[in-house]
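Build me a model from this:
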Amino acid sequence: MREAIDDVQLVLEIKTGVCRILLHKYKWNKDSLIGNALQLHSKLSTNTPQECDICCELTDKLSGLACNHKECFECWKSYLTEKIVEGRQCEIECMDSKCKLLIEDETMMCYITDSTVVAMYERLTINSYVAILINF
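Below you'll find the predicted structure:
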């Protein structure tokens, strides 16, 4: 899995987490992925004090993805933790219900601080890789 990620990362010059998400979407067919030259970017950003649309708390640090859907750190943390622990998901979309942007691994790890949840996320990621290989 790491070798495939490294190969795609070298060619596309994108983050490891983005490579994993794209490879998963392409059923780990790196030639197909590279051939289509897809790029997906997300980032964390900060704003002046604003109200979080989820919890309605005023904060000086709303963060989010390239899609510009921004919420407070605690709401992102809760959302991601729930998707991992209860939803057993390793491909998680933006919190906005109409947005399909997938959250990359590096961004995910900015919000998930509990080592148990991180380990569960990593297991889910590896399990999804193995499941695709078995069914391929």
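
Buried residues of the helix or strand bottoming out on mean pLDDT in the chain, list them for me.
The helix or strand of the chain with the poorest confidence is helix 30-36; it has a mean of 78 (mean pLDDT, DSSP states H and E). By 16 or more other CB atoms under 10 Å, the buried positions in helix 30-36 come out as 30, 33-34. For glycine as for every other residue, the C-beta is placed from the backbone atoms N, C-alpha and C.

just stretch 83-99 next, same as before
83-84, 90, 92-96.

Helices - which of the residues you listed land there?
If you go by DSSP state H, these have 83-84 in helices.

So what's the residue count around Met108?
Using other CB atoms under 10 Å, Met108 has 23 neighbouring residues.

so it sits right up against Leu80, yeah?
Yes - contact criterion CB atoms under 8 Å: Met108 and Leu80 qualify, at 6.1 Å.

hey, what's in contact with both of those two?
Common neighbours of Met108 and Leu80 (criterion: CB atoms under 8 Å, 6 or more residues apart in numbering): Ile92.

re the thing from before, just name the closest of the buried residues of stretch 83-99 to Tyr129, please.
Cys90 (9.1 Å; CB to CB).

what residues are up against that closest one?
Residues near Cys90 by CB under 8 Å, 6+ apart: 24, 84, 121, 124-125, 127-128.

Name the nearest residue to it, sequence neighbours excluded.
Leu124 (3.9 Å; CB to CB, 6 or more residues apart in numbering).

Okay, that neighbour and Glu104: tell me how far apart.
15 Å (CB to CB, to the nearest Å).

Pick out whichever of these two has more residues nearby.
Just comparing Leu124 and Glu104: by other CB under 10 Å the higher neighbour count belongs to Glu104, 24 against 17.

confidence score at that one?
If you check Glu104, the pLDDT there is 88.

can I assume it is in contact with Leu22?
No - between Glu104 and Leu22 there is no contact under CB under 8 Å: 9.5 Å.

how about low-confidence regions in the chain?
37-48, 136 (pLDDT under 70).

and the helix or strand where Ile126 lies, how far from the chain's centre?
Assessed by DSSP states H and E, Ile126 sits inside helix 115-135. Computed by CA atoms, centre = their mean, to the nearest Å, the chain-centroid distance of helix 115-135 equals 13 Å.
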